[in-house]
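Asker: Predicted model follows, preceded by the sequence.
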Amino acid sequence: MYMDEEMVKAYIPFLLGCVSGFISYIITIGNLKRDPIGIIVLVVFIYLNKFLLPKLGVKKLKTMDWLTITGLAVGGWYMVWTFLLNL
């Protein structure tokens, strides 16, 4: 199956954001003083996109691409982490 470069730039950051939301929840479960660590996990996963996307065929990332990647990752992270915290 062929994935367009634009699709890769959309799906991968969102999926990594969801994974980082789950990991943030696991780290902060039961101890709300660890909330800043959850945000650090998000930042690490956003930075992980820099190394993962070129391996998946994305040739060059512009400034607008990075804004989109960050927005998608933050959106996925926030949705998953908030949902899990409210269970």
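Answerer: Perfect, thanks for sending it. Keep in mind it's a predicted model, so treat the numbers as computed, not measured.
Asker: Could you list the low-pLDDT ranges of this structure?
Answerer: Counting by pLDDT under 70, the chain contains low-confidence residues at 1-2.
Asker: What segments of it are helices?
Answerer: Ranges of helices in the chain, per DSSP state H, are 5-28, 35-55, 63-85.
Asker: Mean neighbour count, those helices: which tops it?
Answerer: Among the helices of the chain, helix 5-28 has the highest mean neighbour count (mean count of other C-beta atoms under 10 Å), at a mean of 18. C-beta: built from backbone N, CA, C; applies to glycine.
Asker: Outside of that one itself, list whatever touches it.
Answerer: The contact list for helix 5-28 (C-beta atoms under 8 Å, 6 or more residues apart in numbering) reads 3, 34-35, 37-39, 41-42, 44-46, 48-49, 52-53, 56-59, 61, 65, 68-70, 72-81, 84-85.
Asker: swap in stretch 79-87?
Answerer: For stretch 79-87, contacts defined as C-beta under 8 Å, 6+ apart pick out 17-18, 21-22, 24-25, 38.
Asker: Figure out how far it is from the centre of its chain.
Answerer: 15 Å (C-alpha atoms, centre = their mean, to the nearest Å).
Asker: And for stretch 23-32?
Answerer: Stretch 23-32 has its average C-alpha position 17 Å from the chain's average C-alpha position, going by C-alpha atoms, centre = their mean.
Asker: got the end-to-end distance for that stretch?
Answerer: Start-to-end span of stretch 23-32 (C-alpha to C-alpha, to the nearest Å) is 14 Å.
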